[in-house]
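Engineer: I'll drop the sequence and a predicted model, then ask my questions.
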Amino acid sequence: MPITVGELLEMPHLRLRLHSGAGALDRPIAWTHATDLPEPWRWVAGGELLMTNGMPIPRSASGQEELVRQLVEHGAAALAIGEQMYAPPLTKRLARTSEELGFPVLWISFPMPFIAISRAVAEATLLEQSQRLIRTERIYQALQQISSQSAGLKALTGVLSRELGCDVRVCDRATGYDWYPGVAPFPEEIRSAVAERRGKLRAGVIAVRLGGERRALLVDVPTHPDAVLVVLPEPTEQPDAILLQHAATVCALALSQARLTIEHDRRRGAELLLQILDEQLVPAVAQRRLEEFGLRFTEAVCVAAWNDDDPDLVTNAHLKLWRSGVSHVTVHRAGTSLTLLPDNAALQVLVQAVGQGGQAGVSDLIIRPDRMADAAREAMWSLDIAKEQGTSLLRYADAGPLLGPRNPTEARALVDRVLRSVLELPSEQANELLMTLRVFLENGRSWQRTAEALHVHRQTVLYRVRRIEQLTGKRVADTGDLATLWLALKAL
C-alpha cells in the first residue's frame, strides 16, 4: 500500500509540518514531484506530493484558492512548500479551501532537501513501483510478441486493453475512426471527442468528458501526429498516466512498422501500374498480378487526383484507402496521383482523402489491359476539365460534351483532320503557329493582347493567324470553325 500524508508527517527526520487540511491525512502518496513552474497542476499525473520552493504560489488570495482547487481536480495528493524560500504569505482563503476540499498543505523545514522526502516516499512505495515496472515490462513485451504479425497494431491494442483493463485503440486524430481497418468504429460521441480534443490536460493525457460519468483519455502517439491513443476507462477507474505514456510509445513503434508495410505495398503497386501503362506485361500476367491487389480490369476505373492547396493529402491518400479497406494501386507524378480503384463505390473514400480543395477525374471502366493507357488519359483529361469547372469530382462520361472527342482515338482523328497541314510543317514553324493560335484564342481573339503576350508585332500575329486559316481552311471569324480549331487544340 502507498504511504499516506499522515504517515509521512510522522517521520521525525523529515521535519514536515501541517499547515492545513488536517481532515485528509489519509490521502495516499504514490510519488513525489518538485517544480517551480507556474500552473504546477499541469505537471502531475495523480497521487503526487507536489513539492515547491514557493515560486508557483500566487500572491493573491483568489490565486491561492485557484491553485488548491486545480491541484485537487488534477489528482495531486498534497502540496508541500519550502520554508524561508520564495513563497508569499499563505492566505486564510488558501487554508479554508484546503480544509473544505480535504487537501493537505505542508511546510518543508529549511534546509531539508527535497530529495530526502522523495527517497522516503520511494522506499515506502517500493512494492507498488515494482508492480508498475512489471506492468511496463509486459507492455513492451507485447510489442515484441506481435512484431511479426501483419495485423500487429490491431493485436497490440488488444493486449493493451487486457493489460490496462479498459478499451484501448489507436485512432485517426482528425476523425476519431480507428487507424487500423476492419474494426467497428467508436460511437459518434467518442469520435467527436477525439476530433475536438476538448478536455483537461494532465501529465500528457487529455481527459474528455462523455455522457454521465464516462470519459475518454487521449494520449498523443509519438512521431505520428495523425494518430492518437484512445482509452475508455470505467467511471470508477483511473489508469496510471505513466503506463498510458508507455502504451502510446509502443503503439508508435507498431504504427511505424505498419507504415513501412503499407509503403512497401504502395511501391509494389506503383511499379506494377507503371509496367501496365508501359505495356511491359502480357495481359494474362498483368491481370494475375493486379488480382493480388484485389483488382480486376473489367470492374476497375482509373482516377487522377490533386490538391494544389495541400499536396500532402494526395501523397498520403493511399493511407486513407488502406484504412478504409479499399483495394487500390497508386503512383504519384508531379503532384498528381494516378490510382486504380475496384469500382465507383470507392471514389468517395478517395475524394475524402484528397481533402477540401482537392479534385479528381475518373475514367470509364478499364475493361482490359490494353486500354490502361487510354484510361489514364481519360482520367487526366477529366481532371483538367474538373479544374476548369471548379468541380471536386468529374467522370469522363459526364465530361464528354465539353471535351469534344470521347476517347484518344477520336482525339487523334480530330487533330489529324483539322491540324495535319500545320503539323506537317517543320516543327519550329508548326509550334510557332500553334502557339500563336492558342494565345490568340485565350486572349479573346484580340490582336493587340496576343502581340503583347507573345512579344511580337501586331502584324506578325495577323500574318500567322491568316497562315493557319490558309492551311486548315478554317476561319477564326466563323463560330463553327472557331469551335473546331479550339477543340482540335485541346485534343492535341
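Structural biologist: Okay, I see it.

Engineer: C-alpha from now on. contacts and neighbour counts both.
Structural biologist: OK.

Engineer: any figure for the gap between I115 and V121?
Structural biologist: Applying CA to CA, to the nearest Å, the value for I115 to V121 is 10 Å.

Engineer: just the CA atoms of the helix or strand containing V159, as CSV, please.
Structural biologist: Element membership for V159 (DSSP states H and E) is helix 152-164. C-alpha atoms of helix 152-164 as CSV (Å, rounded to 0.1, in the frame of the first residue of the first chain):
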residue,chain,number,x,y,z
GLY,A,152,0.5,-6.0,-35.4
LEU,A,153,-1.1,-2.7,-34.4
LYS,A,154,-4.6,-4.3,-34.0
ALA,A,155,-3.2,-7.2,-32.0
LEU,A,156,-1.2,-4.8,-29.8
THR,A,157,-4.2,-2.7,-28.8
GLY,A,158,-6.0,-5.9,-27.8
VAL,A,159,-3.1,-6.8,-25.5
LEU,A,160,-3.0,-3.3,-24.1
SER,A,161,-6.8,-3.4,-23.4
ARG,A,162,-6.3,-6.5,-21.3
GLU,A,163,-3.3,-5.1,-19.5
LEU,A,164,-4.9,-1.8,-18.7
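
Engineer: quick check: buried residues in it?
Structural biologist: G152, L153, K154, A155, L156, T157, G158, V159, L160, S161, E163, L164 (16 or more other CA atoms under 10 Å).

Engineer: and L340, which of the three is it?
Structural biologist: strand (DSSP: H, G, I helix; E, B strand; the rest coil).

Engineer: which ones are touching it?
Structural biologist: Contact analysis of L340 by CA atoms under 8 Å, 6 or more residues apart in numbering lists A300, V301, C302, V303, H328, V329, T330.

Engineer: quick one, what contacts A241?
Structural biologist: A45, G46, A203, G204, V205.

Engineer: try A491
Structural biologist: So A491 contacts P405, A411, R412, L414, V415 (CA under 8 Å, 6+ apart).

Engineer: among these, which ones are in strands?
Structural biologist: Using DSSP state E, the subset of the contacts of A491 located in strands is empty.

Engineer: tell me the one of those residues nearest L106?
Structural biologist: For those, the minimum distance to L106 (CA to CA) is 85.1 Å, reached by P405.

Engineer: that older thread, with neighbour numbers in mind, choose between I115 and V121.
Structural biologist: V121 (22 against 12; other CA atoms under 10 Å).

Engineer: centre of the chain to the particular helix or strand that has the more buried one in it, how far?
Structural biologist: If you go by DSSP H and E, V121 is part of helix 114-124. Centroid displacement of helix 114-124 relative to its chain, using CA atoms, centre = their mean, to the nearest Å, is 43 Å.

Engineer: same thing with stretch 35-45?
Structural biologist: Worked out by CA atoms, centre = their mean, stretch 35-45 lies 30 Å from the chain centre.

Engineer: and the end-to-end length of that stretch?
Structural biologist: 13 Å.

Engineer: got the buried residues for that stretch?
Structural biologist: So stretch 35-45, judged by 16+ other CA under 10 Å, has buried residues T35, P40, W41, R42, W43, V44, A45.

Engineer: quick one: mean pLDDT for it?
Structural biologist: Mean pLDDT, stretch 35-45: 88.

Engineer: can you tell me how far D178 is from F186?
Structural biologist: From D178 to F186 the distance is 8 Å (CA to CA).

Engineer: sorry, that was for P408
Structural biologist: P408 is 47 Å from F186, by CA to CA.

Engineer: which intervals of the chain have sub-threshold pLDDT?
Structural biologist: The chain contains residues with pLDDT under 70 at 1, 126-135, 143-151, 399-407, 409-410, 413.

Engineer: quick one, domains of it?
Structural biologist: Under the assignment automatic domain parsing, the domains of the chain span 3-124, 132-256, 280-403, 408-491.

Engineer: TSV for those domains, including distance to G269?
Structural biologist: TSV is the format used below for the domains of the chain (distance: least, CA to CA, whole Å):
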stretch	distance to G269
domain 3-124	46
domain 132-256	18
domain 280-403	5
domain 408-491	25
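
Engineer: mind listing what's buried along the top helix by length along the chain?
Structural biologist: The residue-count maximum for a helix in the chain (DSSP state H) belongs to helix 241-277. By 16+ other CA under 10 Å, the buried positions in helix 241-277 come out as 241-255, 257-258, 266, 269-270, 272-273, 276-277.

Engineer: repeat that for stretch 11-28.
Structural biologist: L14, L16, L18, H19, S20, G21, A22, A24, L25, R27, P28.

Engineer: columns secondary structure and distance to R368 on top of those, output as TSV?
Structural biologist: Formatted as TSV, those follow (DSSP: H, G, I helix; E, B strand; the rest coil; distance: CA to CA, whole Å):
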residue	secondary structure	distance to R368
L14	helix	83
L16	strand	83
L18	strand	84
H19	strand	84
S20	strand	82
G21	coil	80
A22	helix	83
A24	helix	78
L25	coil	79
R27	coil	74
P28	strand	72
